[in-house]
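J.: sequence first, then the predicted structure, then my questions.
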Amino acid sequence: MKLTILGCYAATPRSLSNPTSQVLEIKNHMFLIDCGEGTQLQLRKHKIKFSRIHHIFISHLHGDHFFGLPGLVSTFRLLGRKQDLHIYGPKGIKEAITLLLKLGDSWTNYNLYFHELTSTSSEMVYEDDKVTVETIPLSHRIYTNGFLFREKKALRNLDIQAVNAYGIDKSQLRNIKKGKDAQSSSGEVVDNTLLTFDPPKPKSYAFCSDTAFKEDMVPLIKDVDVLYHESTFLDSEEGLCQKTKHSTAKQAATIAKMANASHLILGHYSTRYKSLALFKQEAETIFDEVSLAEDGKVFEL
């Protein structure tokens, strides 16, 4: 699992920083998460292939999280894209994007599917044989979701030496990998644990964009491997959180601790602060494993 931060600041793009956008590579998927202004430039800069992006997840319809999307959709068209594109986001995202396409008479030459979200409860919005994606309802000034990405449990790994030693026929191997016992060449039933190794533990990543401190999200992200949580403010500006529906670094760390997350990544910083190190310092008073999102930074999860 690999996470590339394309942008991690709040509000507006600046000469050296970009608004929110990330790429998550998981089980041969490349998911784009939020698409702030400048996202396609960042994709090019970091040599991420446009053609590998088939699913885009938008947390909410504030500009610093989706103003890059119309341009990206249009660029896909100009590049002659043929693959389907799926966009998951709040109700209204289809109207916003298709209006621009209509006014510019520039309809896509590929299938564009919108999956509009309205539920205030967590729901699964994507699933295949390797990955699931569920929403994490957040508390912001408009309807907003985070997203929880989980690997499915992999098949068990074969112990080839043991398989050969017991004389197991190849026709049984698929069932053995699924956890079933096998029959040896002598007719003996061989326990699965003697023929396989445990697969790697499935990994999980929770993306929690703009939100006020929201304790009831904790059960949804319990024991997550990596949590990205917005930290717009430092503790000195906590008074602004209720008005703007944002969080402090300490509040993000509190959520990580309550959820028993293995690692916390902070982001969505207000540009009023000159040093990001202060965010890490404040969060570490609550939670030990803290990293800072920075434009262009890559995390191997």
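T.: Sure, I can see it.
J.: for the closest residue to Leu276 other than its chain neighbours, what are its contacts?
T.: Distance criterion C-beta to C-beta, 6 or more residues apart in numbering; nearest residue to Leu276, sequence neighbours excluded, is Leu292 at 5.2 Å. Glycine gets a C-beta too; all of them are placed from N, C-alpha and C. Residues near Leu292 by C-beta atoms under 8 Å, 6 or more residues apart in numbering: 265-267, 276-277, 279-280.
J.: what's the answer for Pro200, then?
T.: Contact analysis of Pro200 by C-beta under 8 Å, 6+ apart lists Ala154.
J.: so Ser186 sits right up against Ile168, yeah?
T.: No - assessed by C-beta atoms under 8 Å, Ser186 is found out of contact with Ile168, at 10.9 Å.
J.: before we move on, back to that, and the gap between the residue nearest to Leu276 and Glu282?
T.: Leu292 sits 12 Å away from Glu282, going by C-beta to C-beta, to the nearest Å.
J.: ok, now Leu100?
T.: Relative to Glu282, Leu100 is positioned 40 Å away (C-beta to C-beta).
J.: more crowded one of these two?
T.: A direct count of neighbours by other C-beta atoms under 10 Å for Leu100 and Glu282 places Glu282 higher, at 22 against 15.
J.: so the more buried one is in which element?
T.: If you go by DSSP states H and E, Glu282 is part of helix 277-283.
J.: packing partners for that helix?
T.: helix 249-258, strand 263-267, strand 290-292 (3 or more C-beta pairs under 8 Å, 6 or more residues apart in numbering; DSSP states H and E).
J.: mind listing the helices for the stretch 51-200 of the chain?
T.: 63-66, 69-78, 93-103, 160-165, 173-177 (DSSP state H, counting those that start in this stretch).
J.: of those helices, which is nearest Ser51?
T.: Comparison of the helices of the stretch 51-200 of the chain against Ser51 by C-beta to C-beta identifies helix 69-78 as nearest, at 8.8 Å.
J.: so which of the contacts of Leu292 comes closest to Leu16?
T.: The shortest approach to Leu16 among the contacts of Leu292 belongs to Leu276, at 12.1 Å (C-beta to C-beta).
J.: so how far is Asp129 from the closest residue to Tyr88 other than its chain neighbours?
T.: Leaving aside its sequence neighbours, Tyr88 sits nearest to His115 (C-beta to C-beta, 6+ apart; 4.5 Å). Computed as C-beta to C-beta, the His115 to Asp129 distance reads 19 Å.
J.: and for Thr248?
T.: Look at Thr248 and Asp129: by C-beta to C-beta, they are 40 Å apart.
J.: the two: who's more crowded?
T.: Thr248 (23 against 6).
J.: wait, that one touches Gln242, no?
T.: No - shown here, Thr248 and Gln242 do not form a contact pair, counting by C-beta under 8 Å, at 11.4 Å.
J.: now stretch 87-97: mean pLDDT?
T.: The average pLDDT for stretch 87-97 rounds to 98.
J.: circling back: who has more neighbours, Ser186 and Ile168?
T.: The neighbour comparison of Ser186 against Ile168 (other C-beta under 10 Å) goes to Ile168, with 20 against 8.
J.: tell me the contacts of the closest residue in space to that one that isn't next to it in sequence?
T.: Closest residue in space to Ile168, ignoring its immediate chain neighbours: Ala182 at 5.1 Å, by C-beta to C-beta, 6+ apart. The contact partners of Ala182, by C-beta under 8 Å, 6+ apart, come to 166, 168, 172, 175-176, 189-190, 192, 195.
J.: nearest to Lys201 among these?
T.: Nearest to Lys201 among these, counting by C-beta to C-beta, is Asn192 at 18.2 Å.
J.: hmm, Gly179 and that closest one touching each other?
T.: Yes - contact criterion C-beta under 8 Å: Asn192 and Gly179 qualify, at 5.6 Å.
J.: mutual contacts of these two, please.
T.: Here Asn192 and Gly179 share the contacting residues Arg156, scored by C-beta under 8 Å, 6+ apart.
J.: filter the contacts of Leu292 down to the buried ones.
T.: 265-267, 276, 279-280 (16 or more other C-beta atoms under 10 Å).
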